[in-house]
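Peer 1: coords please:
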Amino acid sequence: MKRRLLLMLPLVGFLVLGAFLYMGLSINPFDRDSALMAREFPAFELTTLEDPERTVDASLLEGEVTLVNVWGEWCPTCKQEMPQLLDLADGGVRLVGVDYKDTREKGREFLAEFGNPFEVNIFDPEGSLGFDLGVYGAPETFLVDREGIIRYHHTGYIRPEDVRETILPEVEKWR
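Peer 2: So this is what the prediction gives:
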């Protein structure tokens, strides 16, 4: 009897492990809240993509509701979401970009090709600001209220329906 029980143990362990792995397949990795939700945007001091002599800090995000979009030239999904960001900017939403782990030249080429919806682009070549934001990869978007507090976090590609159903209502809620 003991021998039979010992033989069943690996099978039971395998079934339990299989159940956990199966449950993990149903989890959407984009459905995660930022650890910074309802907290101040992280302090930073970086130059802008457009002007290496101009330094900006977190005060850039105070006084007006702002969408902060983390993007990179190397990111194919960032190219896909650019029309939505251009529409948001055309509709009066303030956007600030974070050019994440990129070179100045490639970042500028990207904006020349796909358009520039951003009022300012923060240049983050080492990914320090992205790290402080808890960014896993681009694109990621943060809604920052007038006081510089993060109020909403969108991971991944912003689809047209995300703009209508989530982003614009969140912007209006915090205006």
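Peer 1: Now do G72: how many residues are near it, please.
Peer 2: 22 (other C-beta atoms under 10 Å). Where C-beta positions appear, they are placed from N, C-alpha and C, glycine not excepted.
Peer 1: Touching, it and K101? I think so.
Peer 2: Yes: in terms of C-beta atoms under 8 Å, G72 counts as a neighbour of K101; the distance is 5.8 Å.
Peer 1: Enumerate the beta-bridge partners assigned to the residue positioned nearest the centre of the chain.
Peer 2: Nearest residue to the geometric centre of the chain (C-alpha atoms, centre = their mean): E140, 1.3 Å. Beta-bridge pairing of E140 under DSSP bridges involves V70, T155.
Peer 1: what sits against it?
Peer 2: N69, V70, L133, H153, H154, T155, G156 (C-beta atoms under 8 Å, 6 or more residues apart in numbering).
Peer 1: 10 Å - rerun?
Peer 2: Residues counted as contacts of E140 (C-beta atoms under 10 Å, 6 or more residues apart in numbering) are 30, 34, 68-71, 98, 100, 130, 133-134, 153-156, 158.
Peer 1: ok, back up a step: shared neighbours, G72 and K101?
Peer 2: What both G72 and K101 touch, as defined by C-beta under 10 Å, 6+ apart, is the set D124, G127, G130, G137, A138.
Peer 1: Roughly how far does the second one sit from A112?
Peer 2: For G127, the distance to A112 under the criterion C-beta to C-beta, to the nearest Å works out to 23 Å.
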